[in-house]
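Undergrad: Next come a sequence and a model predicted from it.
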Amino acid sequence: MKFEKDKELGRQIEAACEGLSYRSETDAAILPFYGGKAEDGVRETLLKELGTEGNITIVEREFKEFFAKATKIQKWYGVRERENARGFAGLRVLLETNLSDLKMFRIGKIQIDIYAVGIDRKGNLAGIRTMAVET
């Protein structure tokens, strides 16, 4: 499937992801995600892009839920944790400003792939991806 991503938005997402990590039972990098035309909606297009089939667990949650924990600054945070939370806050604003129909998906059990995605100005999927380990 050929598509033309919004190159400027892509550059901004890549810059906003730089150095961010998502904390669960392991720390995972936050990576940009780009998909094809979202003609069938965000969920359907994402699942088609990922080739998910069968008995895989897919949970859709509110987009803001992903960022709620990541942007909260705890009293005990050190410099690195505070910078990470501020980075997530900036990333959230970037995505909310530039993408429509924002959604968050958790795919799998124990080792969970997480996608926070929406539709860019050119009609393509865009956003971020990471993973969590939850036992």
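TA: In hand now; what should we look at?
Undergrad: only C-alpha atoms for contact and neighbour calcs from this point on.
TA: Will do.
Undergrad: Which residue ranges of the chain form helices?
TA: 7-17, 42-50, 63-71, 79-98 (DSSP state H).
Undergrad: and of the ones you listed, who's closest to Ser24?
TA: Closest of these to Ser24 is helix 63-71, at 10.5 Å (criterion: CA to CA).
Undergrad: residues near Glu134, how many?
TA: 11 (other CA atoms under 10 Å).
Undergrad: if we can go back for a sec, and of the helices of the chain, who's closest to Arg106?
TA: The nearest among the helices of the chain, by CA to CA, is helix 63-71 at 9.9 Å.
Undergrad: orientation of the closest one relative to helix 79-98 in degrees?
TA: 160 degrees (axes from the mean of the first three to the mean of the last three CA atoms, to 10 degrees).
Undergrad: if we can go back for a sec, how about the helices of the chain in TSV, adding distance to Asn124 and mean neighbour count?
TA: Output for these, formatted as TSV (distance: least, CA to CA, whole Å; neighbours: other CA atoms under 10 Å):
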stretch	distance to Asn124	mean neighbour count
helix 7-17	11	15
helix 42-50	9	16
helix 63-71	17	17
helix 79-98	12	17
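Undergrad: mind putting those helices in JSON lines, mean pLDDT and distance to Ala28 included?
TA: As requested, the helices of the chain are exported to JSON lines (pLDDT from 0 to 100; distance: least, CA to CA, whole Å):
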{"stretch": "helix 7-17", "mean pLDDT": "95", "distance to Ala28": "12"}
{"stretch": "helix 42-50", "mean pLDDT": "90", "distance to Ala28": "19"}
{"stretch": "helix 63-71", "mean pLDDT": "92", "distance to Ala28": "12"}
{"stretch": "helix 79-98", "mean pLDDT": "96", "distance to Ala28": "12"}
